[in-house]
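K.L.:
generate a structure from the sequence data that follows.
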Amino acid sequence: MKNQNNSWIVSVIIVFFMIFLFITPVLAAYEGNNGAIVTTNENLVDNGAEQSLPPDIQNDIAEKIAAQEKVEKAIAEREKKLSEHLLKIDDSRDITREMKEFTLQNDASTAERGNVVPEGGFIQFSSEGKTRVFSSDGKQLYYATDANAEQIRIPSGAEMPVTHLIPVPSGSSIHQMGNKDHVIYKGKVICTVIDQGNDNNINHNVFTPSPKGNSWVEFAETDTYSPIGQFQAFWKIPNSPLLTPIAQANILFNGLQPNDGSLILQPVTGFNFDTHNKIDPNVNAENQWTGSAWICSTDNGFCFGSKPIVRFSEGEVAEGDVIWSKSLKEYVITLKNKNTNTQTQNSTRLFLRVPPQNYRAVVVYEAHPSYPIQFEDELKVGTTTFYGMSAKDANSKPISLNWNKNILYESHPLINGLYVDTSQAPSTVTLRTDYTYTITPTAGEHGTISPNIPIKVLAKSNQTFTITPESGYVVDWIIVDGNPVIPQNPYTFPQVTANHTIFVTFISDTQPIQPLVQAGTPFDSSKYPQNWPESDPMTFQCNWSGNGQVYISGNASSLNGVWADDGFTITIQPSGATFNAFPHYACQHDIIELTSGMRPGLNTFTLIVRNWGSYSMSYGSSTGYGTDQIPYIIQVNSPMGITAANQLSTEKMPSFIIRNETGLVVNGTVMVESK
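P.N.:
This is a model prediction of the structure:
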């Protein structure tokens, strides 16, 4: 009986042990899937605390979790070997001239193009600017000099040598440990990248990726840094450029960047981009939309891009996810073509099991010109709307996205139509390349303006209007946005950044003199006591079109000197110019031209009569008793009248100018009366 009881107990223990063996891997897999956020086309449904991952990579995550201990053991062994000086330097084979993109040997890669890094190999970025490749047992295979290697473009606003781009198979994980990055694929360490420059605090100036640098055209960024555990966005692939030279590339992405700017995590779509970065040399990406998942480090000076790349066509929808996995303690970057259900994915263990730090989210349109050629307007892609955007922290709690707009005009002066539209934020931001402003032209009688209808103008582009007066007329006023400007024909709005109006008036070219405003009120010697130093200020205003020349004259219809005892000063605002009537005694003063002190638009005059010589004071009076002048500010339009005014003191006059008892006569018109 006792033996039977013992047998029963043993049987129960065996059963429970078998259940335990069966359930353990299930629980391990469940850890990767438990509470996962299921991704749909437009939204996320949060089922628990685990940070979301796209459903079609959850199995891969479960496999990674199960293999995590094995991976960490393998990394520890590699770290130990490296500490024992495993790598043996042998710079006998220089392949700088023929250096192409790396090919990492693994189960998913059979490509023979590029420069092979054997499975388990090492890539070393040395402090002297050399990239060395070693086998898994530490034997050096070849090296290349970074400064002399082919330059490629990366989606972080910079160029870099091809030696610093490491294409990794989709599904890889990058484990960052100090100055080493271990590339993990299907539970194996397939490559380790060592940055000696970083380890020795040496900046070997290979390249300097610079978000907001010379390749970012327009973008939106969150206004604060937050511990973001997930950032998701969708966007339709826009129209391709009108011109498609292979030397130019366009890039669109959403991404995360920490507050120290040390790296950027980005699911990237690009037109012609894969042709330049050569992440997947087996695919012809010329004049094609393609995409991949990127991890670009500005600290270490190199990038990881996933392969194979994903193809896109215009109008297809891209989904970009950057997600923190609690189970894996790493960020997973995924780019998916929602129409073809194809994707590429990359991940990185950046902070050694530390939860996400402060990040900003960005959505970016980037353009890579072929320097020194500038990126022209015909090379840009169409407008792109990033929609369905959402962010959560490491515990799946929603984070508010508040967007700031940025357009880097100075980097791309030839690209027009740029505008960052955040009117539907926070979930939607549109990076426009077709934004327009409207200029509305109007012409008065006796002339035309062309174009003569409201015209839409691309942002930052120029728009010119041609003004044509009728015969016998000239341009009088050009009023832009309600304000007079200096007349120019044609008139150009440079680098338009707002809506505008332009209104043009015309005047007969036979009207030699045009009165602008009465120049104060005349008075005789009875107005002020003897020896009174100066008159009260007289203030008056007029608008000036910018045409002709401006004078103060004794009357409104002709050009002659003003009587004043002793003299006067006249100040004009906004220019601040001051003019004096000399000599300082009672007389009809010389003609005073005011043009240099005038500004198109409203001018304000202040006139003060001065009693420099004591005794009486008068203005507009030839005798001191009563007034016989009403001074005016006038505009002289006739070139002949201007010539006459300038030559009053000249004895020899042109044949068309006659001086007689009435004054100076030009072609029968009295231009300057006799004193």
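K.L.:
tell me, how many residues neighbour the nearest residue to residue 583 once chain neighbours are set aside?
P.N.:
Nearest residue to residue 583 in three dimensions, chain neighbours excluded: residue 567, at 7.2 Å (CB to CB, 6 or more residues apart in numbering). (Glycine included, C-beta is placed from N, CA and C.) Residue 567: 23 surrounding residues under other CB atoms under 10 Å.
K.L.:
residue 272 too?
P.N.:
Neighbour tally, residue 272, other CB under 10 Å: 25.
K.L.:
I'd say it and residue 251 touch.
P.N.:
No - counting by CB atoms under 8 Å, residue 272 stays clear of residue 251, with 9.4 Å between them.
K.L.:
how about the contacts made by residue 584?
P.N.:
566, 567, 610, 612, 613 (CB atoms under 8 Å, 6 or more residues apart in numbering).
K.L.:
bridged to the third one, which residues?
P.N.:
The one in question is residue 610. residue 534, residue 567 (DSSP bridges).
K.L.:
I'd say it and residue 534 touch.
P.N.:
Yes - the pair residue 610 / residue 534 is scored as a contact, 5.3 Å apart, by CB under 8 Å.
K.L.:
okay, these two: which has more neighbours?
P.N.:
residue 610 (18 against 15).
K.L.:
relative to residue 362, how far out is that one?
P.N.:
Shown here: residue 610 relative to residue 362, a distance of 67 Å by CB to CB, to the nearest Å.
K.L.:
overlap of the contact sets of residue 610 and residue 534?
P.N.:
residue 617.
K.L.:
for the stretch 451-600 of the chain, which spans come out with low pLDDT?
P.N.:
Along the stretch 451-600 of the chain, the model assigns pLDDT under 70 to residues 510.
K.L.:
packing partners for the helix or strand that residue 604 is a member of?
P.N.:
Per DSSP states H and E, residue 604 falls inside strand 601-610. Contacts defined by 3 or more CB pairs under 8 Å, 6 or more residues apart in numbering; DSSP states H and E place strand 601-610 against strand 483-484, strand 538-544, strand 567-573.
K.L.:
the inter-axis angle of it versus strand 567-573?
P.N.:
The directions of strand 601-610 and strand 567-573 differ by 160 degrees, with axes from the mean of the first three to the mean of the last three CA atoms, to 10 degrees as the criterion.
K.L.:
what's the local residue count around residue 80?
P.N.:
10.
K.L.:
quick one: the helices in this structure?
P.N.:
Ranges of helices in the chain, per DSSP state H, are 2-33, 58-66, 68-83, 196-199, 273-277, 639-646.
K.L.:
between strand 538-544 and the strand holding residue 604, find me the angle.
P.N.:
Using the same axes, to 10 degrees: strand 601-610 against strand 538-544 is 150 degrees.
K.L.:
starting at the chain centroid, how far to strand 601-610?
P.N.:
Remark: strand 601-610 is offset 45 Å from the chain centroid, using CA atoms, centre = their mean, to the nearest Å.
K.L.:
only the buried residues of that strand, if you could.
P.N.:
Under the neighbour-count criterion of 16 or more other CB atoms under 10 Å, strand 601-610 has 601, 603, 605, 607, 608, 609, 610 buried.
K.L.:
possible to save the residues you listed as CSV with pLDDT and distance to residue 622?
P.N.:
Below are the buried residues of strand 601-610 laid out as CSV (pLDDT from 0 to 100; distance: CB to CB, whole Å):
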residue, pLDDT, distance to residue 622
601, 90, 35
603, 96, 28
605, 98, 23
607, 97, 18
608, 96, 20
609, 95, 15
610, 92, 18
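K.L.:
and those residues, which is closest to residue 327?
P.N.:
residue 601 (69.2 Å; CB to CB).
K.L.:
could you verify my assumption that that closest one touches residue 543?
P.N.:
Yes - at 6.3 Å, residue 601 counts as touching residue 543 under the criterion of CB under 8 Å.
K.L.:
got a list of what the residue nearest to residue 583 touches?
P.N.:
580, 581, 582, 583, 584, 585, 589, 609, 610, 612.
K.L.:
the second one and residue 592 touch, don't they?
P.N.:
Spelled out, it's residue 581. Yes - applying CB under 8 Å, one finds residue 581 in contact with residue 592, separated by 6.3 Å.
K.L.:
listing request: residues of the stretch 151-300 of the chain with sub-threshold pLDDT.
P.N.:
153, 156-158, 197-214, 244-247, 274-285, 298-300.
K.L.:
repeat that with 50
P.N.:
Scanning the stretch 151-300 of the chain for pLDDT under 50 picks out 198-212, 276.
K.L.:
ok, which stretches of it are strands?
P.N.:
Secondary structure of the stretch 151-300 of the chain by DSSP state E, counting those that start in this stretch: the strands cover 151-154, 158-161, 165-169, 172-177, 180-185, 188-195, 216-222, 228-236, 249-258, 263-271, 289-297.
K.L.:
run the chain-centre distance for the second one.
P.N.:
If I follow you right, that is strand 158-161. The answer for strand 158-161 is 20 Å, by CA atoms, centre = their mean.
K.L.:
ok, now the longest one?
P.N.:
Taking the mean C-alpha point of strand 249-258 and that of its whole chain, the gap between them comes to 14 Å (CA atoms, centre = their mean).
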